[in-house]
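Asker: Got a predicted model here, sequence first, then my questions.
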Amino acid sequence: MKITDRYKKMALKAEEIQRRWDGRYCSWVWVPHRNWTGLKQNAHEMSDNCVWLPTQEELQELAMSEGHFDFSLVTLFSSFARNFEHKFSSINELWLAFVMVMVYDKMWNDETEEWEEV
């Protein structure tokens, strides 16, 4: 998984997404105060201040749980990607932005480094 610094910031600021994380093991996490990124292996490891870095699959699951189905999800993502791929440097950034727009009506602003309502 390509984890960019921007993706870490986007995930950190996506409070709605962070609230959905169940703390499961084998999830990608970032621990800002340790500047550590990796897989959370067990309950005791990095239990404080973890930022969940959802994978593309986890983001798709989240979107589908909100009523977007497989085929329509791919169609909608394809349209979104054509319009916004120039703004992002990884597929993870693009999928996170897509889910935030579709589920929470928010778009990433690079200047403020915040999610803003659209």
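Answerer: Great, that's in hand.
Asker: CA only for contacts and neighbour counts going forward, please
Answerer: OK.
Asker: what residue ranges in the chain are flagged as low confidence?
Answerer: Along the chain, the parts satisfying pLDDT under 70 run over 25, 42-48, 68-71.
Asker: Can you give me the distance of the spatially most central residue of it to Asn35?
Answerer: The centroid of the chain falls nearest to Leu96 when counting by Cα atoms, centre = their mean (3.8 Å). As judged by Cα to Cα, to the nearest Å, Leu96 and Asn35 stand 21 Å apart.
Asker: Could you do Arg20 as well?
Answerer: 23 Å.
Asker: of these two, who's got more company?
Answerer: Arg20 (10 against 7; other Cα atoms under 10 Å).
Asker: show me what contacts the residue nearest to the centre of the chain?
Answerer: Neighbour list for Leu96: 10-11, 56, 59 [criterion: Cα atoms under 8 Å, 6 or more residues apart in numbering].
Asker: got a winner among the residues you listed for most neighbours?
Answerer: Highest neighbour count within these: Ala11, with 23 neighbours (other Cα under 10 Å).
Asker: what's in contact with the helix or strand harbouring that residue?
Answerer: Following DSSP states H and E, the helix or strand that holds Ala11 is helix 5-13. For helix 5-13, contacts defined as Cα under 8 Å, 6+ apart pick out 17-18, 30, 51-54, 92-93, 96, 108, 113-115.
Asker: out of everything not next to it in sequence, what's closest to Lys106?
Answerer: Nearest residue to Lys106 in three dimensions, chain neighbours excluded: Glu117, at 4.3 Å (Cα to Cα, 6 or more residues apart in numbering).
Asker: Need the phi and psi values for that neighbour.
Answerer: Backbone dihedrals for Glu117, given as degrees, to the nearest 10, come out at phi -70, psi 140.
Asker: What is the neighbour count of Glu66?
Answerer: The burial count assigned to Glu66 is 12, neighbours taken as other Cα under 10 Å.
Asker: wait, what's in contact with it?
Answerer: By Cα under 8 Å, 6+ apart, the residues touching Glu66 are Val103.
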